[in-house]
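[1] What would the 3D arrangement of this be:
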Amino acid sequence: MDEFLKTGKKAQTCSIIWEETKIHDLVRKIYVKTKDRKKKDDNKEKKKKDENLERRSKEGSQESKTRDDDGDVEMSNSSDQLTPTNRSTVNEPVSQLPFSPDLIEKLYNEKCQQIAETRIELTKTIENAKSVFDKNNAQMHLPLDLIDTNCNEKMHRITLLRTELIEMIEKANNKYNELKAFQ
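    Purely as a prediction, here's the structure:
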């Protein structure tokens, strides 16, 4: 249908579409509706991406913490951070780094909260199941230790990821400052 609408040539493989006008009209309507729906979906996705970029830009423009090699925490105004509206000297857009230590901490805290909530839910579920099994004089082999072990492993893993990300961000910020100060 796409080829027919663009060039006017009818495909040989679907000759029944061209013989029957009702079928041809229905196929055309389906094609047009599908194409319109795809455009709307693409526009929605583009709008969502633009909103996310704008949100990240706003988060990045707030003050951020940086750590020195000696462990001290310094507050710096992030007005010198890259933003999508800043331009380089050759008039090329400069991309914004979407991550900051504050953003990583926020995500880390959310994940810790999710793990804690999951731990509580699983513990309650197992305790309820055990009470049902006990009432029926049946044995249940679901140790609560397994939940703790699993949740502790997840906490350890996200802590490692957080540490790695913060170190990478600090290195990137240091390189950025080095490049900025370069003469």
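[2] Now Lys111. Nearest residue, chain neighbours left out?
    Ile158 (5.0 Å; CB to CB, 6 or more residues apart in numbering). (Glycine included, C-beta is placed from N, CA and C.)
[3] That neighbour is in what secondary structure piece?
    Ile158 belongs to helix 144-181 when assigned by DSSP states H and E.
[4] name the helices or strands packed onto that helix?
    strand 64-67, helix 101-135 (3 or more CB pairs under 8 Å, 6 or more residues apart in numbering; DSSP states H and E).
[5] closest to Lys49 out of these?
    Closest to Lys49 of the helices and strands packed on helix 144-181 is helix 101-135 (CB to CB; 17.7 Å).
[6] could you check the angle helix 144-181 makes with the closest one?
    Here helix 101-135 runs at an angle of 170 degrees relative to helix 144-181 (axes from the mean of the first three to the mean of the last three CA atoms, to 10 degrees).
[7] max-length helix in the protein?
    Ranked by residue count and defined by DSSP state H, the top helix of the chain is helix 21-60.
[8] the inter-axis angle of that helix versus helix 101-135?
    Helix 21-60 and helix 101-135 are oriented at 110 degrees to each other (the same axes, to 10 degrees).
[9] Mind giving me the packing neighbours of helix 21-60?
    helix 2-7, helix 15-19.
[10] tell me the mean pLDDT over the first one?
    Yep, that's helix 2-7 we're talking about. Mean pLDDT, helix 2-7: 65.
[11] And stretch 144-158, by the same measure?
    Averaged over stretch 144-158, pLDDT sits at 91.
[12] Just the buried positions in it, please.
    Under the neighbour-count criterion of 16 or more other CB atoms under 10 Å, stretch 144-158 has Ile147, Cys151, Lys154, Ile158 buried.
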